[in-house]
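[1] need coordinates for the below:
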Amino acid sequence: MGEPIDLVKLDGTWRLQYTSAPDVLVLFEAAARLPFFKVGQIFQKFECRDKSDGGVICNVVRWSVPPLLEKEEGATLVVSAKFDVVSVRNIYLQFEEVTVQNIYISEELQALIAPAILPRSFLSLQILQFIRAFKAQIPVTNTTPGRRSVGGLYYLSYLDNNMLLGRAVGGGGVFVFTKAQPLEL
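    Reported below is the predicted structural model:
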């Protein structure tokens with residue numbers, strides 16, 4: 001059974017190094033098939049330092065569509081969930097929201113919207129500002145009384161200061177993470 005989950009160690013940002021999870025692999029498969037779609041780094045951010053029974057987790061995927069968006073970090077997809085510690089090594093995730101944010105358009109697209117050789121109009125500047133500030137949020141909670149929102153059980157098999165190993169219970173795949181720099185969302 002192992003040691004109980006140490007939420008202080010778990011708190012923070014973790015970078016995905018390996019996974020066999022089909023719901024993540026589909027992103028890499030799409031990027032391999034679609035030359036215009038690129039997947040960047042993937043993170044899990046746990047917020048649970050001052051908690052004893054759970055917290056918040058954000059699954060963060062950096063992606064792009066060159067040449068419309070910047071190559072490495074054109075946009076960010078965030079899937080947020082609450083989690084509860086349900087046993088010594090298991091947490092239950094209850095997904096709440098999917099968000100697309102932090103859209104960074106490429107210089108080529110910026111030049112198309114507001115050419116540098118012409119005076120930038122109020123409208124072209126408003127369009128650029130709108131794109132930079134754009135944030136789409138889609139709730140994934142269940143509104144039916146007595147029913148839980150979309151979620152899943154996650155088994156944390158190993159956790160230290162630098163590495164997190166886990167798997168989604170029920171055939172969801174294995175995850176290997178290493179500690180990363182704090183992530184601002």
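
[2] center of this protein - which residue?
    Ranked by distance to the mean C-alpha position of the chain (CA atoms, centre = their mean), the top residue is Val60 at 1.4 Å.

[3] tell me the spacing between the closest residue to it other than its chain neighbours and Ser20.
    Leaving aside its chain neighbours, Val60 sits nearest to Phe43 (4.3 Å; criterion: CB to CB, 6 or more residues apart in numbering). For the C-beta atoms, the positions are set from N, CA and C on the backbone; glycine is no exception. Going from Phe43 to Ser20 by CB to CB, to the nearest Å gives 18 Å.

[4] compare the two and say which is more crowded by neighbours.
    Per other CB atoms under 10 Å, whichever of Phe43 and Ser20 has more neighbours is Phe43, with 20 against 14.

[5] which residues does that one contact?
    Thr13, Trp14, Arg15, Leu16, Cys58, Asn59, Val60, Ala180, Leu183 (CB atoms under 8 Å, 6 or more residues apart in numbering).

[6] again, 10 Å this time
    Contact partners of Phe43, counting by CB atoms under 10 Å, 6 or more residues apart in numbering, are 13-16, 58-62, 76, 78, 177, 180-181, 183, 185.

[7] and the residues you listed, which is closest to Leu34?
    Relative to Leu34, the closest of the contacts of Phe43 is Val61; by CB to CB it sits at 15.1 Å.

[8] name the element the closest one belongs to?
    strand 54-64 (DSSP states H and E).

[9] before we move on, the earlier item: thought the residue nearest to the centre of the chain was touching Ser80?
    Yes: in terms of CB atoms under 10 Å, Val60 counts as a neighbour of Ser80; the distance is 9.4 Å.

[10] who touches both of those two?
    Contacts common to Val60 and Ser80, judged by CB under 10 Å, 6+ apart, are Lys45, Thr99, Leu185.

[11] now the strands for this protein?
    Ranges of strands in the chain, per DSSP state E, are 12-19, 38-47, 54-64, 75-85, 90-101, 136-139, 151-159, 163-168, 173-179.

[12] what residues sit buried inside stretch 18-37?
    Across stretch 18-37, burial judged by 16 or more other CB atoms under 10 Å covers Thr19, Ala21, Val24, Ala31.

[13] which residues does the first one contact?
    Read that as Thr19. Contacts of Thr19 (CB under 10 Å, 6+ apart): Leu25, Phe28, Ile42, Gly166, Arg167, Ala168, Gly172, Gly173, Val174, Phe175, Val176, Phe177.

[14] how near is Phe122 to Phe130?
    12 Å.

[15] out of the two, which sits in the busier spot?
    Phe130 (10 against 7).

[16] run through the protein and note the low-pLDDT ranges.
    For the chain, applying pLDDT under 70 flags the ranges 1-2, 116-120, 142-149.

[17] hang on, the earlier thing: is it possible to export the contacts of Thr19 to CSV including distance to Pro66?
    Below are those laid out as CSV (distance: CB to CB, whole Å):
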residue, distance to Pro66
Leu25, 22
Phe28, 16
Ile42, 18
Gly166, 32
Arg167, 33
Ala168, 31
Gly172, 30
Gly173, 28
Val174, 30
Phe175, 27
Val176, 28
Phe177, 27
